[in-house]
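Student: Below are the sequence and a predicted model for it; my questions follow.
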Amino acid sequence: METRRPLIVDVKRDSREDGPGIRSVVFFKGCPLRCVFCHNPEAQQSGPEVAFAEEHCIGCGACKKACPRMAIDLNRASRIDRTKCDYCGRCTDACRGGALRMIGTYWPVEELVLLLLRDASFYRHSGGGVTLSGGECTMFPDYVRSLLQRLKAHGIHTALETSGYFDYEVFARKILPYLDLVLFDLKIIDREESLRYLGRSNESILNNLRRLLAQDTVEVRPRVPIIPDITDTRDNFSAVVNYLCEAAAREISLVPYNPLGAAMYTRLGRAIPDVPSGFMKPEREEQTFKMFREIIERKRGQRRQTEEAELPGVQTPLTPKTEENHL
């Protein structure tokens, strides 16, 4: 039995980027990876957190008066002594300027379903639905199964965004039967680079993607986030293409770099990782996509040179795609 109660960071309505049609996206709190380029750092830890946005602080001192553990120091830039804070939320309730915010709320499944069904007509008319994201929502298989079962009972299209780091047997038994689409982030192929940038070995990630691509009941879309000088190197792109060809993938999406997590690191009292702080310039992005297309074309050329025989595991050539509104 699952003993942890999953916390929800946010429910984003009217999304056009997390699967087909108009969607609602549920962001779960908790992730087994620690990607240095994570753009949702508030979803890494599974427990509740308090974020402080200095620009909204009006200096009223109400938070300090409300804190029972004396964890608020108005002379401290970050305001919160996190060694004392027990995340009771009293400071966030007292904050008059909206500078303090509790991150992570537990939603009973029935209440979350009612919220998501508010947009059922938009799902139906646009071909959309609900996407579960994170963090890593597969950390909570019992809760996710219960949620998905209720959504499917209402005929809602369901999708799941994942880092791929999960127990496949549990996933296949409890979650996969209730999904229509899996959006699978494939970041790095080299194991040592994975340990360096993701904080974990990618062995299970690669095995899980291969097994998902081999099944034919649920659509699987591999995606590579473009992280400058980390995932967008020629070596990594070549390794990605080789891996996906061997795994018989049909297409792949490249997702442009999102640096917006930097501000949240500061609000959570954490150090900002040493990664690019701005969006990729259009010319750099275009060069990246051009390089990736060249790698795929080279792979196709190798295939043609096999005298019309298939390369091992290749069913169709990879087709590079981009997320909506990019290129």
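Tutor: In hand now; what should we look at?
Student: Please parse this protein into its domains.
Tutor: Domains of the chain are assigned by automatic domain parsing as 7-45+105-322, 49-103.
Student: looking at those domains, which is buried most?
Tutor: Highest mean neighbour count among the domains of the chain (mean count of other CB atoms under 10 Å): domain 7-45+105-322, with a mean of 17. From N, CA and C alone the C-beta is placed, and that goes for glycine too.
Student: can you pull the contacts of the closest residue to E55 other than its chain neighbours?
Tutor: In space, E55 comes closest to A99 once its chain neighbours are excluded; the distance is 7.8 Å by CB to CB, 6 or more residues apart in numbering. Neighbour list for A99: 52-58, 79 [criterion: CB atoms under 8 Å, 6 or more residues apart in numbering].
Student: Would you tell me which one of those residues comes nearest to S126?
Tutor: S126 lies nearest to A53 out of the contacts of A99, by CB to CB, at 33.3 Å.
Student: measure the closest one to K12 for me?
Tutor: From A53 over to K12 the distance is 19 Å, taken as CB to CB, to the nearest Å.
Student: again with N208
Tutor: From N208 to K12 the distance is 25 Å (CB to CB).
Student: for L260, same thing?
Tutor: 14 Å.
Student: Next: C88.
Tutor: Between C88 and K12 the computed distance is 27 Å (CB to CB).
Student: I'd guessed V9 sits against K29; true?
Tutor: Yes - the pair V9 and K29 passes the contact test of CB atoms under 8 Å, sitting 5.0 Å apart.
Student: Alpha carbons of the lengthiest helix in the chain, in PDB - could you do that?
Tutor: Ordering each helix of the chain by length in residues (DSSP state H) puts helix 282-304 first. Provided in PDB are the C-alpha atoms of helix 282-304 (Å, rounded to 0.1, in the frame of the first residue of the first chain):
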ATOM      1  CA  PRO A 282      16.600  32.100 -32.200                       C
ATOM      2  CA  GLU A 283      19.800  31.500 -34.200                       C
ATOM      3  CA  ARG A 284      21.200  29.100 -31.600                       C
ATOM      4  CA  GLU A 285      17.900  27.200 -31.500                       C
ATOM      5  CA  GLU A 286      17.700  27.000 -35.300                       C
ATOM      6  CA  GLN A 287      21.300  25.700 -35.400                       C
ATOM      7  CA  THR A 288      20.400  23.000 -32.800                       C
ATOM      8  CA  PHE A 289      17.400  21.800 -34.800                       C
ATOM      9  CA  LYS A 290      19.400  21.800 -38.000                       C
ATOM     10  CA  MET A 291      22.100  19.600 -36.400                       C
ATOM     11  CA  PHE A 292      19.500  17.200 -35.100                       C
ATOM     12  CA  ARG A 293      17.900  16.900 -38.500                       C
ATOM     13  CA  GLU A 294      21.300  16.200 -40.100                       C
ATOM     14  CA  ILE A 295      21.900  13.400 -37.600                       C
ATOM     15  CA  ILE A 296      18.600  11.800 -38.500                       C
ATOM     16  CA  GLU A 297      19.300  12.200 -42.200                       C
ATOM     17  CA  ARG A 298      22.700  10.500 -41.700                       C
ATOM     18  CA  LYS A 299      20.900   7.600 -40.000                       C
ATOM     19  CA  ARG A 300      18.500   7.300 -42.800                       C
ATOM     20  CA  GLY A 301      21.400   7.200 -45.300                       C
ATOM     21  CA  GLN A 302      23.000   4.400 -43.300                       C
ATOM     22  CA  ARG A 303      19.700   2.500 -43.500                       C
ATOM     23  CA  ARG A 304      19.500   2.900 -47.300                       C
END
